[in-house]
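1. Sharing a sequence plus its predicted fold:
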2 protein chains.
Amino acid sequence: MDMNGQRKPSHQGTLDAARSVSTILRMTPLLPVEIGGVECFVKAENLQPIGAFKIRGAWWRLSNLSRAERQAGVVAVSSGNHAQGVAWAAKRLGIKATIVMPRDAPRVKLDNTRALGAEVVLYERPGEDRDAVAAQVIRERGGTLVHAFGDPWVIEGQGSAGVELTQQIGGGGPSRIVACCGGGGLAAGLALACPAAAIHIVEPEGWDMMGQAIATGAIVQAGEDALRTICDALQPTATKPVNLEVLKGRAQPGITVTDDEVRAAQRWAFARLQMVLEPGGAAALAAALSGKVTLDARSVIMLTGGNADPKAFAKTIAEHTPA
Amino acid sequence: MDMNGQRKPSHQGTLDAARSVSTILRMTPLLPVEIGGVECFVKAENLQPIGAFKIRGAWWRLSNLSRAERQAGVVAVSSGNHAQGVAWAAKRLGIKATIVMPRDAPRVKLDNTRALGAEVVLYERPGEDRDAVAAQVIRERGGTLVHAFGDPWVIEGQGSAGVELTQQIGGGGPSRIVACCGGGGLAAGLALACPAAAIHIVEPEGWDMMGQAIATGAIVQAGEDALRTICDALQPTATKPVNLEVLKGRAQPGITVTDDEVRAAQRWAFARLQMVLEPGGAAALAAALSGKVTLDARSVIMLTGGNADPKAFAKTIAEHTPA
């Protein structure tokens, strides 16, 4: 608890989350890769049942709701992967889920969320404030908001990936972890789970609000005129205090990647790893492949999601075969 | 040893192979999937470093060569995945490798084989007899032929996948294994590794020489007028006695799949598993998805390879999104 009586996410919380997650999900593989002559690892969270790591935080949050909270249902706001995570966990636990999603979210993510039994409420991006839409839903229907990143349980749940990879890599654990960053739920969770590892956060060019927040110590809002990015999963308007609190003075300086670097990483994963990554899920790999992080034998690159739009993915891989 | 003094592949050999393979390769993941309402498993051999299970048999064969044999080098004949497996193992062991490959093999497989340091000798398919080309290479240069499937060491090596999945699934081991079949190296290896499991072999329509051989008890040659198939990895001209000997009276009746069923399986793996499968690597999944095998909770479907041609794969996934 902090001075305001808010629960603070902790290292112990990530260990507890990992134990809970292990009862419902198999460990995702930690696979060896060679990048620029260095052998290191990727953690394949795209192979989770919903195709993304978000299942972890959603599970840990929902499984810690009280009986009364479970009966009232949950509401979440998400561009897609958190939506599927909450819908999956809600279905397992018999909880009603309502998900607020942008109308321009990838079709595959909208369809999958509905297929998991959640009710989807659409909003316009940019323009409508998604948090306001969610607040309205809660006023009308009740229920607990499951925030996509600014929540101690969600942070600890995402951190369970760090507990797993520490166990998988053995020895002294990871030296560094390269992770994409939207609101900072995963990054904060990994920082708590792996206190000895350097944490490198990777954001799309023009969407480096966490990088700026870490540099300045204050939360930065996305501009109205933010660049377009293909990384639909990495477009939050700003991080939250609980995330910045964990990462400030802890994460390495932020890294940004371009759409072209992301597409090159998607092609590389297709040809070398035989795996499908969505743009946001390939951002950390893009940073590694373009030499923006110095890797070593105990470095781990997070592959965070694989819910790619088929037509966009087809276009990306048909464009150019990596040498 | 059989009556002719030939080494016979055995259950113990698959266990020994698995122990050896575990010293150089991490286990590939066994992932839960739901097909037609039944929860079962896929074994993701497409996530091997060369993108296919063939690395197992190549490793076990090459690591059992004598010092003199290693010095003389190895020769292999392959449409691509065995080529990469032999090239990978040869590089690790410091053995010179020459690979005879069809000129129409997927570009990605030709490139990868050369990138692993092997010398590639091309032949025309159909038309030239690949075994004759290999024999000519051996007459000229010496070296040991590493057959893609008709070799007891190779069979045992492929069987190491069965030893692994038995360990991973726990309990009483797998009830049934669904595996694609070219010459029958993998199928024979799995049959030896998992004596209690039903073995279902899956071949492309028009290339069901193993299915016919199992039904009749005699080796069947591919016709000159065999159908075209997109499963480039599953086009041997015939099985070999050592494979048929293991599978006869042991495998279930053969199953065939069409190109359309294979493409649908590739799309399903893309959208649901976030994984890339080449056509041959998706054949077993195609049989499962089209209801040609009755699955249960301890069934394992082998995903055998993911070295897909980017343009062909792009076309396949852009065609149609699974419902």
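-> Great, that's in hand.
2. which one is the residue of the stretch 151-300 of chain A at minimum distance from chain B nearest to, not counting chain neighbours?
-> Nearest residue of the stretch 151-300 of chain A to chain B: residue A:274, at 2.9 Å (CB to the nearest CB). Quick note: C-beta positions are derived from backbone N, CA and C, even for glycine. In this structure, residue A:274 finds its nearest non-sequential neighbour in residue B:306, 2.9 Å apart by CB to CB, 6 or more residues apart in numbering or on different chains.
3. swap in residue A:35?
-> Nearest to residue A:35 is residue A:288, by CB to CB, 6+ apart, at 5.5 Å.
4. and the helix or strand hosting residue A:168, average pLDDT?
-> Assigned by DSSP states H and E, residue A:168 belongs to helix A:152-169. For helix A:152-169, mean pLDDT is 98.
5. That one: which residues count as buried?
-> Going by neighbour count (16 or more other CB atoms under 10 Å in any protein chain shown), the buried part of helix A:152-169 is A:152-166, A:168-169.
6. got the CA positions of that helix in PDB?
-> Output of helix A:152-169 as PDB, limited to C-alpha atoms (Å, rounded to 0.1, in the frame of the first residue of the first chain):
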ATOM      1  CA  PRO A 152      -1.100  -3.200  -9.700                       C
ATOM      2  CA  TRP A 153      -2.600  -6.600 -10.300                       C
ATOM      3  CA  VAL A 154      -2.300  -6.300 -14.100                       C
ATOM      4  CA  ILE A 155       1.300  -5.200 -13.700                       C
ATOM      5  CA  GLU A 156       2.100  -8.200 -11.500                       C
ATOM      6  CA  GLY A 157       0.300 -10.500 -13.900                       C
ATOM      7  CA  GLN A 158       2.300  -9.300 -16.800                       C
ATOM      8  CA  GLY A 159       5.400  -9.600 -14.600                       C
ATOM      9  CA  SER A 160       4.800 -13.400 -14.400                       C
ATOM     10  CA  ALA A 161       6.400 -13.600 -17.800                       C
ATOM     11  CA  GLY A 162       9.600 -12.300 -16.200                       C
ATOM     12  CA  VAL A 163       9.400 -14.900 -13.400                       C
ATOM     13  CA  GLU A 164       9.000 -17.600 -16.100                       C
ATOM     14  CA  LEU A 165      11.900 -16.500 -18.300                       C
ATOM     15  CA  THR A 166      14.200 -16.200 -15.200                       C
ATOM     16  CA  GLN A 167      13.400 -19.900 -14.400                       C
ATOM     17  CA  GLN A 168      13.800 -20.900 -18.100                       C
ATOM     18  CA  ILE A 169      17.100 -19.100 -18.700                       C
END
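7. So what's the residue count around the residue nearest to residue A:274?
-> Using other CB atoms under 10 Å in any protein chain shown, residue B:306 has 29 neighbouring residues.
8. And the residue of the stretch 101-250 of chain A found nearest chain B, how far from residue A:128?
-> In the stretch 101-250 of chain A, no residue comes nearer to chain B than residue A:108, which is 6.7 Å away by CB to the nearest CB. Between residue A:108 and residue A:128 the computed distance is 22 Å (CB to CB, to the nearest Å).
9. Which of these two has more residues huddled nearby?
-> residue A:108 (20 against 14).
10. Quick check: chain neighbours aside, which residue is closest to the more buried one?
-> residue A:307 is the one closest to residue A:108 (CB to CB, 6+ apart), at 5.5 Å.
11. can you give me the helices in chain A?
-> A:11-22, A:54-63, A:67-72, A:81-93, A:107-115, A:130-141, A:152-169, A:185-193, A:209-216, A:241-247, A:259-268, A:283-289, A:310-319 (DSSP state H).
12. Packed most tightly, which of those would that be?
-> Ranked by mean neighbour count, the helices of chain A are led by helix A:185-193 with a mean of 31 (mean count of other CB atoms under 10 Å in any protein chain shown).
13. Give me the contacts around that helix.
-> A:9-11, A:13-15, A:18, A:53, A:57, A:148-151, A:154-163, A:166, A:177, A:179-181, A:197, A:199, A:201, A:210, A:242-243, A:246-247, A:250-251, A:302, A:304 (CB atoms under 8 Å, 6 or more residues apart in numbering or on different chains).
14. rerun that using 6 Å as the cut-off
-> For helix A:185-193, contacts defined as CB atoms under 6 Å, 6 or more residues apart in numbering or on different chains pick out A:9, A:11, A:14, A:57, A:149, A:154-155, A:158-159, A:162-163, A:177, A:179, A:181, A:199, A:201, A:243, A:246-247, A:250.
15. Can you check what angle separates that helix from helix A:209-216?
-> 50 degrees (axes from the mean of the first three to the mean of the last three CA atoms, to 10 degrees).
16. where does helix A:185-193 sit relative to the chain's centre, distance-wise?
-> Remark: helix A:185-193 is offset 10 Å from the chain centroid, using CA atoms, centre = their mean, to the nearest Å.
17. Could you measure from residue A:130 over to residue A:99?
-> Counting by CB to CB, the gap from residue A:130 to residue A:99 is 11 Å.
18. and what of residue A:148?
-> In terms of CB to CB, residue A:148 sits 10 Å off from residue A:99.
19. These two - which one has more neighbours?
-> Neighbour count, other CB under 10 Å: between residue A:148 and residue A:99, residue A:99 has more, with 29 against 26.
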